[in-house]
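Engineer: 3D model of this:
(2 chains)
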Amino acid sequence: MKVNSLSATDLDRAVDLAEARSRQKLGARRFGVALIALSLGLVVSVVLATGIGRMDIGWGAIASVILGKLGFHSGAGAVDRTTDVVIWGIRLSRVVLSGLVGASLATAGVIFQGLLLNPLADPFTIGVSTGAAFGVALLVMLGVGGSFLGLSPLPLGALAGALGAMVAVLILSREAGRIRKETLILAGIVVSTFLAALISLIKSLDEESLSAIVFWIMGSFSGRGWIHVGFLLPYLAAGLVLAFVYHRELDIMALGEEQSHQLGVSVSRVRVNLLLGASLLTAGAVSVSGVIGFVGLVVPHLVRVLAGPSHGRLLALSAATGALILIWSDVLARTLLASGQELPVGVVTALLGGPFFFYLLKSRRTRGMW
Amino acid sequence: MVIRVEALDLGYEDRPVLTGLNFQVNRGEFVGILGPNGSGKSTLLHALSGLLPPKRGRIIIKSEALGSLASRLRAQMLAVVPQSTDVRFPFSCLEIVLMGRYPHRRRLGTLTDVDLVWALKSMRRTTTTHLKERTITEVSGGECQRVVIARALAQAPEILLLDEATSNLDVRRKLEIFEILRYLNETRGLTVLCAMHDLNLAALYCRRLMFIKEHRIAVDGPTDQVFTPAILTQVYETPMEVVWHPAHQRPYAVMLPLSPGTRETEAPAETLEAVQS
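Structural biologist: Next up is the predicted model:
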């Protein structure tokens, strides 16, 4: 190509394009760095969190058990049977589970906030978590349990409960075809209070079946193990896939329903699929850990401030951040009380998240922006 | 012919808004849709953009029935600029414009140079290039509207629908936007349909006017022929006069008070002098 055949505007355009490209690459690099940092943080956190507990266990033992199970025999010496069970069967499984639940709840929060255009939406505040808990409680009372092909029916009950509660809340909060921000949260509170009362009722009717009511209402990882990781994984995977497939539509939905339609988004199909994804994530999380509030609320906000509103990045970083936050919340839950008793992890997240919720409610920036 | 409307009835539930519409729009036309409040201008645009399914009749966009057209294909041909855009997240203006590329992108495909070039070109055309990195939540109303027009242009549409797109803007911003539309209309053959209230703006830029009144199209024709005192007075139920600008040879409408004779002639000149002194 002859250089002098390029006009000034052609050159300007080429420069603009190059600039936009390099900015984009910079953005992508920063996202990559953040994701790698979070992943490293997660690995370190899993090991550290496994080391913390009533029984004092050396780091060497932890490393050799984990590496051993992963197939690398470090030769650092055998670890006795009890230590092995405590590390692998009790602690590590619990840490991994709390991480996965954190990722599920944070991702569900991103979807709910993006789709409902509501800064206060998360699985807990809009009543979907409590719906899921009610579904599980009902199944437990009816004596449905066991496992088919590694899948427990309990998450299915949670899914039915989650979907039911979500539909109820959306119908309650719809006024003249629009979902209002405050009404949505009010409807969420109404539905979740009602369902929490029903869970208590089930508990009083059938003392045997539901071990600890607190478990379902406030959430806990007490006594959870690898089997529960197995219950959760398919739901987490399906929810994450749905969320990532539709991340670009989630961006566009920020413009509202009409404009999304005019830009070529099949609004109703996308919405149904995303709400299903968020319900799967919530149901999976609740069926193994009960109702843990505020993770799905706080994490997307934190990440959005740092990484911008684009949902592809927001989803990935929120999942990782949610995992980190819930791992450490659970560490606090099991170590905070000097007596050695455990706090429900939902208490810890509510203590951290409650004030944040209040801040969002009052924040002028939130009001103006949403 | 890019739009053909046949025996179209539009409405919500049991409230009919428009009945028996029949018209065609050819490629490269610049059409103003005028009419009193609530006459159904927006309803018509909603139907043309596929938001509101017809109660009867059909809309054909470039030989395809609108109802059977996939959303993406529709959005490749037809873009809409609404009256205002309320974006809930702090996306950068470039990100907003790139959303216009959605109907052309594959589901999980990466952003191509073609997409970026279209977005940048559209921003240049609407003089919003300097806003690229600013967030849409912090720019002014006029800037936001220009960014939204850039987004619509990035869709590379053949038809552009504007629904009161300049109603909230000052005179200068209105003219700037209509200059962009005229340029694209004249040089690229972009077909423009805009619902609007500003009669004089319509007379200045639209070459064809469609007046909607009482559920139907009352008048439809070339601006120079239909922009008459009789038609305007009848459609808006307001006494109007039409004056031709001596230099520009464009008509403009002058509205007269609804109750003639309350204030008589001599007063204004004196009051003006009194104010000036």
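Engineer: which parts of the helix or strand that contains residue A:273 are buried?
Structural biologist: Residue A:273 is part of helix A:267-289, with elements assigned from DSSP states H and E. Residues A:267, A:270-271, A:273-289 are the ones in helix A:267-289 that count as buried (16 or more other CB atoms under 10 Å in any protein chain shown). All C-beta atoms are positioned from the backbone trio N, CA, C, and that covers glycine.
Engineer: got the residues of chain A near chain B?
Structural biologist: A:13, A:16-17, A:20-21, A:23-24, A:114, A:117, A:245, A:248, A:251-252, A:254-256, A:258-259, A:261-266, A:304, A:308-310, A:368-370 (CB under 8 Å from any CB of the partner chain).
Engineer: just to revisit the earlier point, what's the average pLDDT for the helix holding residue A:273?
Structural biologist: Summarised as a single mean, pLDDT over helix A:267-289 is 91.
Engineer: same question for stretch B:258-273.
Structural biologist: 57.
Engineer: one step back: buried subset of the residues of chain A next to chain B?
Structural biologist: By 16+ other CB under 10 Å, those give A:13, A:16-17, A:20, A:114, A:117, A:248, A:251-252, A:254-256, A:258-259, A:261-265, A:304, A:308-310, A:370 as buried.
Engineer: helix, strand or coil for the closest residue to residue B:202 other than its chain neighbours?
Structural biologist: Leaving aside its chain neighbours, residue B:202 sits nearest to residue B:32 (3.8 Å; criterion: CB to CB, 6 or more residues apart in numbering or on different chains). Assigned by DSSP: H, G, I helix; E, B strand; the rest coil, the conformation of residue B:32 is strand.
Engineer: how many neighbours does residue B:32 have?
Structural biologist: 26 (other CB atoms under 10 Å in any protein chain shown).
Engineer: residue contacts, residue 91?
Structural biologist: Picked chain A for this. Contact partners of residue A:91, counting by CB atoms under 8 Å, 6 or more residues apart in numbering or on different chains, are A:49, A:50, A:53.
Engineer: wrong one, I was asking about chain B
Structural biologist: A:251, A:254, A:308, A:309, A:310, B:135, B:136.
Engineer: ok, residue A:166 next?
Structural biologist: Residue A:166 neighbours (CB under 8 Å, 6+ apart): A:126, A:127, A:128, A:131, A:275, A:279.
Engineer: tell me the one of those residues nearest residue B:147?
Structural biologist: residue A:275 (29.5 Å; CB to CB).
Engineer: hang on, the earlier thing: tell me which of the contacts of residue A:91 fall in helices.
Structural biologist: A:49, A:50 (DSSP state H).
Engineer: all strands for chain B, in order.
Structural biologist: B:3-12, B:15-25, B:30-34, B:56-61, B:64-65, B:78-81, B:159-163, B:191-195, B:208-213, B:216-222, B:240-244, B:251-255 (DSSP state E).
Engineer: with mean pLDDT and distance to residue A:97 as extra columns, can I get those in CSV?
Structural biologist: As requested, the strands of chain B are exported to CSV (pLDDT from 0 to 100; distance: least, CB to CB, whole Å):
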stretch, mean pLDDT, distance to residue A:97
strand B:3-12, 92, 50
strand B:15-25, 92, 55
strand B:30-34, 96, 60
strand B:56-61, 93, 53
strand B:64-65, 90, 52
strand B:78-81, 96, 47
strand B:159-163, 96, 51
strand B:191-195, 96, 56
strand B:208-213, 94, 62
strand B:216-222, 93, 65
strand B:240-244, 89, 74
strand B:251-255, 88, 72
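Engineer: want to try CSV for those strands, with distance to residue B:229 as columns?
Structural biologist: Converted to CSV, those look like this (distance: least, CB to CB, whole Å):
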stretch, distance to residue B:229
strand B:3-12, 28
strand B:15-25, 24
strand B:30-34, 15
strand B:56-61, 33
strand B:64-65, 40
strand B:78-81, 31
strand B:159-163, 26
strand B:191-195, 22
strand B:208-213, 13
strand B:216-222, 13
strand B:240-244, 5
strand B:251-255, 8
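Engineer: residue A:260 against residue A:251, yeah?
Structural biologist: No: judged on CB atoms under 8 Å, residue A:260 makes no contact with residue A:251 at a distance of 9.7 Å.
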